[in-house]
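S.K.: Next come a sequence and a model predicted from it.
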Amino acid sequence: MKALLFAAGRGERMRPLSDAMPKPLLVAGGRRLIEWQLAALVRAGVREAVINTAHLPEAFPAALGDGARYGLRLGYSCEGDTAADALETLGGIVRALPLLGEAPFLAVAADIVTDYDYARLHAAATRIAAGAADAHLVLVDNPPFHPRGDMALAHGRIALDGARLTYASIGVFTPRLFFGLPAARAKLFPWLYTHAAAGRVSGEHYRGRWTNVGTPQELAQLDRELRAA
């Protein structure tokens, strides 16, 4: 299974730190945020990953190279030279499809830190490849910055009604879901809700560690926590 890491945005709440350095390349616990993700992917058996870029795109290959030192092969899907060029999540997936192949792929935010075991998603990828679903999403308890959540779970499927949870920016998708769509600026949600309403999106609730750090103060707090762990 290949992986797509979303890294094209500026990270507005992280300014001014993210003005000079893309948010996923900021350091916490002695590693860049994206390096925590790369290590987790390698532990799960992922050996090829694509990073989408727009804001300060040259910083990523300069910092990460071809991925060899992490134990995987990195490719880059460049959407432009500035944050304004970023295609959002849906457009970013469509742009990166030629690099992702024909099998179900993992898509994750490059700037989250979690102890979720991505190896758990191989089973979901197998079900998706067999046609049992088109996507599988990982949900978490609603964080303080997103108290209303995004969607609900019902019998292992994403539901639009019920107690809402937050999308963890961790999902598995079949490429066929995006065939024929333009590589234009667009968000994954609410577009994906149509497929969820048709019962084609499975999901799970993860209750372990998951951090989407947004501000310089939160980054400093995460740094202290990771160093103390």
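M.R.: Cool, got the structure.

S.K.: what's downstream of the longest strand along the chain, the next helix or strand?
M.R.: Determined from DSSP state E, the single longest strand within the chain is strand 166-173. On the C-terminal side of strand 166-173, the closest following helix or strand by DSSP states H and E is helix 193-197.

S.K.: Give the next helix or strand downstream of that following helix.
M.R.: Using DSSP H and E, the helix or strand that directly follows helix 193-197 along the chain is strand 201-206.

S.K.: how close does the residue nearest to Arg164 when sequence neighbours are not counted get to Ala125?
M.R.: Spatial nearest neighbour of Arg164, chain neighbours left out: Gly149 (3.0 Å); criterion: Cβ to Cβ, 6 or more residues apart in numbering. In short, each C-beta sits where N, CA and C put it, glycine included. Computed as Cβ to Cβ, to the nearest Å, the Gly149 to Ala125 distance reads 25 Å.

S.K.: now Gln217
M.R.: To Ala125, Gln217 is 37 Å away according to Cβ to Cβ.

S.K.: Looking at these two, which is more packed in?
M.R.: The neighbour count for Gln217 versus Ala125, taken as other Cβ atoms under 10 Å, is higher for Ala125 (18 against 9).

S.K.: shouldn't that one be in contact with Tyr118?
M.R.: No: checked against Cβ atoms under 8 Å, the pair Ala125 and Tyr118 is beyond contact range at 10.4 Å.

S.K.: Show me whatever sits in contact with both of those two.
M.R.: Residues touching both Ala125 and Tyr118 (Cβ atoms under 8 Å, 6 or more residues apart in numbering): Leu106.

S.K.: distance between the longest strand of the chain and the chain's centre?
M.R.: 7 Å (Cα atoms, centre = their mean, to the nearest Å).

S.K.: Residue numbering should commence at 15 henceforth.
M.R.: All right, first residue 15 from here; so that's strand 180-187.

S.K.: and the angle for it with strand 215-220?
M.R.: Taking axes from the mean of the first three to the mean of the last three Cα atoms, to 10 degrees, strand 180-187 and strand 215-220 form an angle of 130 degrees between their directions.

S.K.: How about residues contacting strand 180-187?
M.R.: Residues contacting strand 180-187 (Cβ under 8 Å, 6+ apart): 15, 20, 107, 118-123, 126, 128, 130, 132, 135, 138-139, 142, 148-157, 160, 163-165, 203, 220, 224, 226.

S.K.: Quick check: neighbours of it in the sheet, parallel or antiparallel?
M.R.: strand 119-123 (antiparallel), strand 149-154 (antiparallel) (DSSP bridges).

S.K.: And for Asp95, nearest residue in space, chain neighbours not counted?
M.R.: The shortest distance from Asp95 to any non-neighbouring residue, by Cβ to Cβ, 6+ apart, is to Pro71 (6.4 Å).
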